[in-house]
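[1] Curious how this folds, go ahead:
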Amino acid sequence: MTDLGGRELLPLALEAAAAAGALLRDGQASAPTDVRTKTSLTDMVSELDRASEALIGRIVLGARPDDAILGEEGGLTGTGTSGVRWVVDPLDGTTNYLYGFPAWAVSIAAEVGGEVVAGVVHDPTHAETFSAVRGEGSWCNGNPLRVGGATSLATALVGTGFGYDAAVRARQGRQVAGVLPCVRDIRRGGAAALDLCWVALGRLDAYYERGLQPWDWAAGMLVAGEAGAVVEVLDDGTAVVAPPQLHRDLVDLLAGAGAA
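    Okay, here's the model as predicted:
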């Protein structure tokens, strides 16, 4: 088992995220081809997702060949003998990316002994890099982050997201209908890693979503948590991220609005 911490692993995450972001930014201009679907017609993957994942793997395993990697597209491997695992979303917000909608990112987290200790979410479109080290804080382009914002749900801008299965989306829509009258407004950006970082930055006051996978939240939740947000995954699998003054009220509101 390694005694490395987030401070030692963060530079490699930053390097890999920057390289993958540059690849994706350049590739977007060439109108990606070979676009396929995975679990449903709304769950898309392109050759750029796979190329980004492969590049991250080469950088991380080139520096640390004994680490393990969990990647969304399943193309990464590692021997996993070091006690370090990298959790990678090579392109969070693939649909946005393919449509030219400016909300997509590269997300890379480093776990030691099953605990996320460092995370990076890189947004090439807006030249914003969010990073965090467990116990030391989180930053956007090197500037410290701290949640704040609304003091009540009535004045809160709340982010959420939707699953890929049609039946799940229908249930989530019904829940949103119960939440919307009780908050300032709802936003659906389409990239969970960014939504989580935007809570830390103050672009969103709070965020919730059911059905996230580890690569969706690993880095972003650390960024939000280190900025002072309360991060909780409810029994039904809904992630709720909000400042302390809003968190319990949002959890109660979601329960009253119906299961998603």
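[2] Provide a list of residue ranges in this protein with pLDDT below threshold.
    Applying pLDDT under 70 to the chain picks out residues 1-2, 30-45, 73, 75-79, 259-260.
[3] Does Leu253 touch Ile186 like I think?
    No: using Cβ atoms under 8 Å, Leu253 is not in contact with Ile186, being 12.0 Å away. For the C-beta atoms, the positions are set from N, CA and C on the backbone; glycine is no exception.
[4] Need the residues touching each of those two.
    Common contacts of Leu253 and Ile186 (Cβ atoms under 8 Å, 6 or more residues apart in numbering): Val179.
[5] With neighbour numbers in mind, choose between these two.
    Taking neighbours as other Cβ atoms under 10 Å, Leu253 and Ile186 compare with Leu253 leading, 20 against 15.
[6] and that one, that's in a strand?
    No: per DSSP: H, G, I helix; E, B strand; the rest coil, Leu253 lies outside any strand segment and is helix.
[7] Do a quick rundown of the helices in the stretch 51-200 of the chain.
    94-99, 166-179, 192-201 (DSSP state H, counting those that start in this stretch).
[8] Would you point to the one among these that's packed deepest?
    Mean neighbour count (mean count of other Cβ atoms under 10 Å) peaks for helix 192-201 among the helices of the stretch 51-200 of the chain, with a mean of 29.
[9] tell me the strands in the stretch 101-250 of the chain, going along the chain?
    Using DSSP state E, counting those that start in this stretch, the strands of the stretch 101-250 of the chain run over residues 105-112, 115-123, 128-133, 137-140, 143-144, 157-159, 185-187, 206-210, 230-233, 238-242.
[10] Out of the ones you listed, indicate the one that is most buried.
    When the strands of the stretch 101-250 of the chain are scored by mean count of other Cβ under 10 Å, the highest mean neighbour count falls to strand 105-112 (a mean of 29).
[11] Report all helices and strands that that one contacts.
    When contacts are defined as 3 or more Cβ pairs under 8 Å, 6 or more residues apart in numbering; DSSP states H and E, strand 105-112 packs onto helix 6-28, helix 47-63, strand 84-92, strand 115-123, helix 192-201, helix 214-226.
[12] rerun that using 10 Å as the cut-off
    Helices and strands touching strand 105-112, by 3 or more Cβ pairs under 10 Å, 6 or more residues apart in numbering; DSSP states H and E, are helix 6-28, helix 47-63, strand 68-71, strand 84-92, strand 115-123, strand 128-133, helix 192-201, helix 214-226.
[13] hmm, back to that, so which of the strands of the stretch 101-250 of the chain gets nearest Ser52?
    Checking the strands of the stretch 101-250 of the chain against Ser52 by Cβ to Cβ gives strand 105-112 as the closest, at 6.6 Å.
[14] what's the distance between that closest one and the middle of its chain?
    9 Å (Cα atoms, centre = their mean, to the nearest Å).
[15] CA atoms only for it - export them in CSV, please.
    C-alpha atoms of strand 105-112 as CSV (Å, rounded to 0.1, in the frame of the first residue of the first chain):
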residue,chain,number,x,y,z
ALA,A,105,-14.9,18.3,-19.6
VAL,A,106,-12.2,15.8,-18.8
SER,A,107,-12.4,14.4,-15.3
ILE,A,108,-9.6,12.5,-13.5
ALA,A,109,-9.5,11.5,-9.9
ALA,A,110,-6.8,9.6,-7.9
GLU,A,111,-7.9,7.1,-5.2
VAL,A,112,-5.6,5.7,-2.5
